[in-house]
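[1] I'd like to go over a predicted model; first the sequence, then the structure.
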Amino acid sequence: MLNIPIEREQKLAHWVTTQLSSSTTAITLTPIASDAGFRRYFRFDTPSQWLAVDAPPQTEDSRQFVALARYLNQYGVGTPEVLAVDEAQGFLLVEDFGDELLHGKLNANTVDSLYGQVFNTLINLQRCPDNDTLIPRYDQNLLHRELLIFSEWFAEKLLAYSLNPHDDMMLAQIFSALETSALEQPQTLVHRDFHSRNLILQPNNGLGVIDFQGALWGACTYDLASLLRDCYVRWPAPQVKNWALAYRQQAIATGLLTDVSETEFLRWLDWMGLQRHIKVLGIFARLHLRDSKPHYLHDLPLVIRYTLEVAEQYPQFNAFTSWFKANLLPLAEQQPWYSDYNLAGENSRAGENA
């Protein structure tokens, strides 16, 4: 259950009533699922096509959210309409896309068709022109800061592992290689959380895109890695490779990519996905320890699986793989959330919900 001070919820309800010029009948807000940030979403009786949003200005940038929603929609990305916003209070009224998450519709029979639809949306997103006043750079400093979340929150705070100078040196070399790979790729708009729980199927066969407010200008494979190695659903590696190469062809055909080789493109995808999953290990730990959102812990075994499966394919990451298995994995195995990472995600496809 979502929890905000009752006084703030009452203020939000009053603000919604004012924005809609409703009758004097009090609006009752009903909380719905939140994302990993600090925004809170509510439905109410009238009108059903809008969501009330509590976005505390201390942590959430409503001006950026509104600007990005309108910018992305202008270029064919299905972001929600914003009816009203009060930046000072952190209140918004946004279009309600419903509850038909892509995640709940994916199975062996539907995934090819649905991912084809998602690929078209991703192409539109990546074709958005650069706007450096609106879209920050996904530069090396930010890539590095993200990777340090793993060291602090996953290794040290969740698993209680003390990094020594040798560990720090090894991780610095691995992180540097991943950062370099991200920066050498063609740079496009990056949603930064482009996965099955942030994509919503619409009654008109459109695809709604949410949780885009952290968008950056960065590596062209980042969102593809988020989708194909989704932290909440897993597909067989050969299938993922086929989809990745199909997307490469589509990106070349639309002018997003030059004729980069299949081998190089797959390496870009692997290394970008590895950066993301190392970071996510830290983020999920932080969501539990700092933000009191323990349910993300149950997704850690799948993220560990992605991390090790990719790292084991490249000799450049042998030291990291050996270190992780020797030092962190035994500690993870003692945690109440742990399950065999080798089997993680096996029940999250072919009609099974993750």
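    Alright, I've got the coordinates.
[2] what lies in contact with whatever helix or strand Phe320 lives in?
    According to DSSP states H and E, Phe320 maps onto helix 318-323. Helix 318-323 is contacted by residues Asp167, Met170, Leu171, Gln173, Ile174, Leu308, Ala311, Glu312 when judged by Cβ atoms under 8 Å, 6 or more residues apart in numbering. C-beta here means a position set from N, CA and C on the backbone, and glycine is covered the same way.
[3] now do 6 Å
    Met170, Ile174, Ala311, Glu312 (Cβ atoms under 6 Å, 6 or more residues apart in numbering).
[4] following that helix, which helix or strand comes up?
    Remark: after helix 318-323, the chain's next helix or strand is helix 329-332, criterion DSSP H and E.
[5] centre of the chain to that next one, how far?
    Remark: helix 329-332 is offset 25 Å from the chain centroid, using Cα atoms, centre = their mean, to the nearest Å.
[6] buried ones in that helix?
    Ala332 (16 or more other Cβ atoms under 10 Å).
[7] and it, average pLDDT?
    Averaging pLDDT along helix 329-332 gives 98.
[8] for it, C-alpha coordinates in PDB please.
    C-alpha atoms of helix 329-332 as PDB (Å, rounded to 0.1, in the frame of the first residue of the first chain):
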ATOM      1  CA  LEU A 329      28.000 -15.300  -4.600                       C
ATOM      2  CA  PRO A 330      28.600 -17.200  -1.300                       C
ATOM      3  CA  LEU A 331      27.300 -14.100   0.600                       C
ATOM      4  CA  ALA A 332      24.300 -13.800  -1.700                       C
END
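[9] just to revisit the earlier point, how about the helix holding Phe320: buried residues?
    For helix 318-323, burial by neighbour count (16+ other Cβ under 10 Å) applies to Ala319, Phe320, Thr321, Trp323.
[10] Ile304 versus the last one, what's the distance?
    Here Trp323 is placed at a distance of 14 Å from Ile304 (Cβ to Cβ, to the nearest Å).
[11] and what of the third one?
    Applying Cβ to Cβ, one obtains 12 Å for the distance of Thr321 from Ile304.
[12] equivalent analysis for the first one, please.
    According to Cβ to Cβ, Ala319 and Ile304 sit 17 Å apart.
[13] again with the second one
    With distances defined as Cβ to Cβ, the gap from Phe320 to Ile304 amounts to 13 Å.
[14] in the stretch 201-350 of the chain, where is pLDDT below threshold?
    For the stretch 201-350 of the chain, the stretches with pLDDT under 70 are 348-350.
[15] can you pull the domain assignment for this structure?
    Here the domain assignment for the chain is 6-95, 102-343, based on automatic domain parsing.
[16] how long is the first one from one end to the other?
    Translated: domain 6-95. With Cα to Cα, to the nearest Å as the measure, the ends of domain 6-95 fall 24 Å from one another.
[17] how far does it sit from the chain's center?
    That offset, for domain 6-95, works out to 21 Å (Cα atoms, centre = their mean).
[18] what of stretch 336-345?
    Stretch 336-345 sits 21 Å away from the centroid of its parent chain (Cα atoms, centre = their mean).
[19] contacts for stretch 165-182, please.
    Gln140, Leu143, His144, Leu147, Ala219, Trp271, Met272, Gln275, Gln316, Ala319, Phe320.
[20] drop anything exposed from those residues.
    Leu143, Leu147, Ala219, Trp271, Met272, Gln275, Ala319, Phe320.
[21] list just the nearest of these to Arg63.
    Lowest distance from Arg63 to the buried ones among the contacts of stretch 165-182 (Cβ to Cβ) belongs to Leu143, with 25.1 Å.
[22] where does that closest one sit: helix, strand or coil?
    Assigned with DSSP: H, G, I helix; E, B strand; the rest coil, Leu143 falls in the helix class.
[23] change the start of the numbering to 48 and stick with it
    In the new numbering, first residue 48, that becomes Leu190.
[24] not counting its neighbours along the chain, what's nearest it?
    Leaving aside its chain neighbours, Leu190 sits nearest to Glu226 (4.5 Å; criterion: Cβ to Cβ, 6 or more residues apart in numbering).
[25] so the one you found is in which element?
    For Glu226, the host element (DSSP H and E) is helix 212-231.
[26] need the helices for the stretch 198-347 of the chain, in chain order.
    With helices called from DSSP state H, counting those that start in this stretch, the stretch 198-347 of the chain shows them at 212-231, 269-275, 284-300, 309-336, 347-358.
[27] show me the one of these that comes nearest Ile170.
    Ile170 lies closest, by Cβ to Cβ, to one member of the helices of the stretch 198-347 of the chain: helix 284-300, at 6.3 Å.
[28] who's in contact with that closest one?
    With contacts defined as Cβ under 6 Å, 6+ apart, helix 284-300 is touched by Phe166, Leu271, Leu275, Leu304, Asp306, Glu309, Phe312, Leu316.
[29] cool, stretch 195-209 as well?
    Stretch 195-209 is contacted by residues Ile325, Lys326, Leu328, Gly329, Ile330, Ala332, Arg333, Leu336, Leu375, Leu378 when judged by Cβ under 6 Å, 6+ apart.
[30] just the buried ones among the residues you listed, please.
    Buried, going by 16+ other Cβ under 10 Å: Ile325, Lys326, Leu328, Gly329, Ile330, Ala332, Arg333, Leu375, out of the contacts of stretch 195-209.
[31] closest to Gly255 among those residues?
    Ile330 (23.6 Å).
[32] picking up where we left off before, got a markdown table for the contacts of stretch 212-229, with distance to Glu107 too?
    Converted to a markdown table, the contacts of stretch 212-229 look like this (distance: Cβ to Cβ, whole Å):
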| residue | distance to Glu107 |
| --- | --- |
| Gln187 | 26 |
| Leu190 | 23 |
| His191 | 24 |
| Leu194 | 24 |
| Ala266 | 25 |
| Trp318 | 31 |
| Met319 | 27 |
| Gln322 | 25 |
| Gln363 | 38 |
| Ala366 | 39 |
| Phe367 | 34 |
